[in-house]
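Trainee: only geometry, no sequence info:
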Ligand SMILES: [Zn+2]
């Protein structure tokens, strides 16, 4: 029975429908293996206890049903404490479920637990978790990427079939690329942010990770819904992403623009460029037109992103004062207010979070806001306009997911700028509110996964999934079980 | 040197909505600590992951005020985050409007020293209230988030007031406007109308704006007046002594009758405003404007006067002016009537039926209002008009008229029916009058003796007794004649 663990969600749902295995039976198996391999990978901040089962819901056509899902610990859950990977929320029990979590549960899915992340989503390696780092299932000495590193690792390491992540500058796509799974960033507002613990509100998206594109479409059909609790929600009420994914007509003879500046050997490693060139040939073979395009201002992407996102972060993290919940609650009244803030916030936040709060406070300060924050907003507009113009010539953009494959644990932790550079390919979609997807693009010579990425214009999510599916079919580089996981699976009793 | 004050007012008014500004919690103005934190949710407590959703009702109320103040209401406005750390601020920022207020400019007429003046406004924008702080004796504070997220309208004037009295007169008028519009309860004691003046002084004739100070936590108009006067005097004294005024936030020290700096020293605050990413721009449609206009029209006060309809913008200045110019009501009476719309409507309707405005006003002010404070009223304008007419025709004396009024008030029957039930329409027969006079003479030997000794005025006392025994139905001249006849006067 343990071979069921390598199935995708839609394959599994077919087994459920055929009565080959019951969802609760599979969930039990899933949890046994998740626990079995957990000491090696450490994907989870909190694994589900036995017996957490969803309300009985009938399987709905085209939606995810009966499937074990892991949830990034940046989304609120009433079943599990929610920490955001931070000491400041240690033991915090949210009084409500994130909308995406609620929709998954109501549809009849199981939760495997809360996955590890960089504190508040700030990082690209999951090493900024206040608790412990997660290991890449392909090479346990490397990082899984971040900040949704636990989510990506849990899907790659067969600890969950799919996962709910969040993506502010690449936090779903980059770890998906590092771990050889699919990572999807929907258009801003297509999945409710209610319950997504805010990092940079205008750039934060709920995203998802899976072993193939079809599972992404199933998840979108389940959680990509309008939500009255999110004023920026703009999801179409009756979209069917599975049908759109299967609509080949929508991508017949489409043109894919390859961004020259992000295929630059000075920025991208050799192995990534090789995988990209292979992917481009796959697209051509699949009947897509490929056009080389220039994106002006690539050098401004990271500065723009690393001004806007700390600015919003400094604001969003102001609420953690230990007065109503979280670390420091209830307040020690022998302290003055200043002493209280200091006692709660200084040890409560890790180094990277403190750095970004300080950066963000600085760029919003009177006298500096114009030079930094307002300027970055203007650059963001210019970038959005530039990309929108490109979409007059091409239907999609193609670019790598990351400049490199997964790097070693500890390798970049002391060099924040080098760490930030890992986001160069992913921040564009967040800055422009556009949907993007990272797909497995084969393995490097060292046997590490390489991610390739497509971006579509805003609200073309279904069509983007159709292109991704087309690529997936022709590439033959989809998810495979990482060797260390295969080894564990072999030794697993079932 | 002679100085004049330069005062601007910043007024925070709670908007009268059923729900809070950005969440679904009901707005309940609780006072007791025991009721603290009953009306809260993850959103207004600033829990991780929550998002604000704008209450459109508050927008409509603010638009109504915009119409009243002839302000420019923005079809497209944005919300911003204003950051500072304080325990009463759950998110570490307040969601407010910064660069684009909902209402910009505008003006308000108000009466000061019996003269109509106009205050120019800067802006009126939407924001949310903070939690309420209960200061404990041990130095700790307790927080009540029932108030956190209650919709607020911040209404700011230009520095247009030249005296404490003028500033207070404007604030009183604005409070009336908010109440009459139904936009706010505007209750100072309950904190739903909070007034923060800022003041500077300058030599008369100059147009410079000198360093200003802000006064906070003023909880009545009387206190505002006192605090402003004291602060003006303080600043003048400083300049006279060759010193400078330092920018600061003050509070009113009632005991020593002076303004003193707030305990928490505010450094030059940097609020780090930026556009609220969780709220899309507020876009107003033609339908919104039509709805606000409709609601505004409903609040306009219309009255019939000499067969003509007069309309008054919600508030009190214009109506007061009208009554002072057209009736002999005194200013304090007008103020009472404007606070009590039922009484005012009753008066106007009674007057419309039979005229005699002053008499109708007396009935409303002196008989209707005190009674209504005790019991439910069934009185109709026709009753008052009829009673006034009966008095005029001398068919009732004042005591009888009050009894008639009382019966109409309690039972809602017509004045004629009340008169008949009370028997005020039956005259006393001649023989009854003779008997009653004889009785009164017999019962009052002492008075009769006085009369006989030549103190003829004492017969009036006997007449009073006769009127009392006939319950006012005897005709006083006839009764007096009969008494004199029996006494042989
Ligand atoms: Zn609430």
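Mentor: Yes, it's here. Since this is a predicted model, take the numbers as computed values, not measurements. Numbering: from 1, shown residues only, chains lettered A, B, ... in the order given.

Trainee: dump the residue contacts of residue B:220.
Mentor: By C-beta atoms under 8 Å, 6 or more residues apart in numbering or on different chains, residue B:220 lies in contact with B:188, B:189. (C-beta placed from N, C-alpha, C; glycine too.)

Trainee: so what pLDDT did it get?
Mentor: pLDDT recorded at residue B:220 is 94.

Trainee: same thing with the one 3 residues further on?
Mentor: Per-residue confidence (pLDDT) for residue B:223: 96.

Trainee: that one: neighbour count?
Mentor: Counted with other C-beta atoms under 10 Å in any protein chain shown, residues neighbouring residue B:223 total 17.

Trainee: domains in chain B, as residue ranges please.
Mentor: Listed by automatic domain parsing, the domain ranges of chain B are B:3-283, B:430-487.

Trainee: pick out the shakiest of the ones you listed, pLDDT-wise.
Mentor: Looking at those, the bottom one is domain B:430-487 with a mean of 85.

Trainee: quick one: buried residues of the strand or helix carrying residue B:236?
Mentor: Taking DSSP states H and E as the definition, one finds residue B:236 inside helix B:221-240. Buried residues in helix B:221-240, counted by 16 or more other C-beta atoms under 10 Å in any protein chain shown: B:221, B:223-232, B:234-236, B:239.

Trainee: what's residue A:296 in contact with, if anything?
Mentor: residue A:386.

Trainee: how far away is it from the ion?
Mentor: 45 Å (C-beta to the ion, to the nearest Å).

Trainee: and that residue, helix, strand or coil?
Mentor: Three-state assignment for residue A:296 (DSSP: H, G, I helix; E, B strand; the rest coil): coil.

Trainee: packing partners for the helix holding residue B:236?
Mentor: With contacts taken as 3 or more C-beta pairs under 8 Å, 6 or more residues apart in numbering or on different chains; DSSP states H and E, helix B:221-240 sits against strand B:3-14, helix B:164-181, strand B:193-203, strand B:213-216, strand B:249-253, strand B:258-261.

Trainee: who touches it?
Mentor: B:1, B:3, B:5, B:7, B:164-165, B:167-168, B:171-172, B:188, B:195, B:197, B:199-201, B:213, B:215, B:218, B:244-245, B:250, B:252, B:254, B:257-259.

Trainee: next, the angle strand B:3-14 makes with it.
Mentor: 140 degrees (axes from the mean of the first three to the mean of the last three C-alpha atoms, to 10 degrees).

Trainee: still on that earlier bit, and the helices and strands packed on helix B:221-240 as JSON lines, adding mean neighbour count?
Mentor: Shown next, in JSON lines, are the helices and strands packed on helix B:221-240 (neighbours: other C-beta atoms under 10 Å in any protein chain shown):
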{"stretch": "strand B:3-14", "mean neighbour count": "22"}
{"stretch": "helix B:164-181", "mean neighbour count": "23"}
{"stretch": "strand B:193-203", "mean neighbour count": "21"}
{"stretch": "strand B:213-216", "mean neighbour count": "19"}
{"stretch": "strand B:249-253", "mean neighbour count": "18"}
{"stretch": "strand B:258-261", "mean neighbour count": "16"}
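
Trainee: export the ones you listed to a markdown table and append columns for distance to the ion.
Mentor: Formatted as a markdown table, those follow (distance: least, C-beta to the ion, whole Å):
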| stretch | distance to the ion |
| --- | --- |
| strand B:3-14 | 15 |
| helix B:164-181 | 24 |
| strand B:193-203 | 21 |
| strand B:213-216 | 26 |
| strand B:249-253 | 29 |
| strand B:258-261 | 34 |
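
Trainee: possible to save the ones you listed as CSV with distance to chain A?
Mentor: Listed next are the helices and strands packed on helix B:221-240 as CSV, based on distance: least, C-beta to the nearest C-beta, whole Å:
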stretch, distance to chain A
strand B:3-14, 20
helix B:164-181, 27
strand B:193-203, 20
strand B:213-216, 18
strand B:249-253, 17
strand B:258-261, 18
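
Trainee: can I get these in a markdown table including distance to residue A:444?
Mentor: Shown next, in a markdown table, are these (distance: least, C-beta to C-beta, whole Å):
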| stretch | distance to residue A:444 |
| --- | --- |
| strand B:3-14 | 62 |
| helix B:164-181 | 69 |
| strand B:193-203 | 65 |
| strand B:213-216 | 64 |
| strand B:249-253 | 63 |
| strand B:258-261 | 67 |
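
Trainee: contacts only, for the nearest residue to residue A:13 once chain neighbours are set aside.
Mentor: In this structure, residue A:13 finds its nearest non-sequential neighbour in residue A:65, 6.0 Å apart by C-beta to C-beta, 6 or more residues apart in numbering or on different chains. Contact analysis of residue A:65 by C-beta under 8 Å, 6+ apart lists A:13, A:16, A:23, A:57, A:59, A:107, A:108, A:109.

Trainee: part of a helix, is residue A:65?
Mentor: No - under the criterion used here (three-state DSSP), residue A:65 is coil, not part of a helix.

Trainee: any idea how far it is from residue A:219?
Mentor: Distance, residue A:65 to residue A:219, using C-beta to C-beta, to the nearest Å: 11 Å.

Trainee: straight-line length of stretch B:91-104, end to end?
Mentor: 27 Å (C-alpha to C-alpha, to the nearest Å).

Trainee: any buried residues in that stretch, and which?
Mentor: By 16+ other C-beta under 10 Å, the buried positions in stretch B:91-104 come out as B:91-98, B:100-104.

Trainee: neighbours of residue B:283, how many?
Mentor: 10.

Trainee: give me the helices and strands touching the host helix or strand of residue A:379, please.
Mentor: Secondary structure from DSSP H and E places residue A:379 in helix A:375-393. Using 3+ C-beta pairs under 8 Å, 6+ apart as the contact test, the elements touching helix A:375-393 are strand A:255-259, strand A:289-293, helix A:301-316, strand A:396-400, helix A:427-431.

Trainee: what comes up buried for the third one?
Mentor: This points to helix A:301-316. Residues of helix A:301-316 classed as buried by neighbour count (16+ other C-beta under 10 Å): A:301-302, A:304-316.

Trainee: cool, and the first one?
Mentor: Neighbour counts over strand A:255-259 (16+ other C-beta under 10 Å) mark A:256, A:257, A:258, A:259 as buried.

Trainee: which ones are touching the third one?
Mentor: Think residue A:258. Applying C-beta under 8 Å, 6+ apart, we find residue A:258 in contact with A:276, A:280, A:290, A:291, A:292, A:293, A:397, A:398, A:399.
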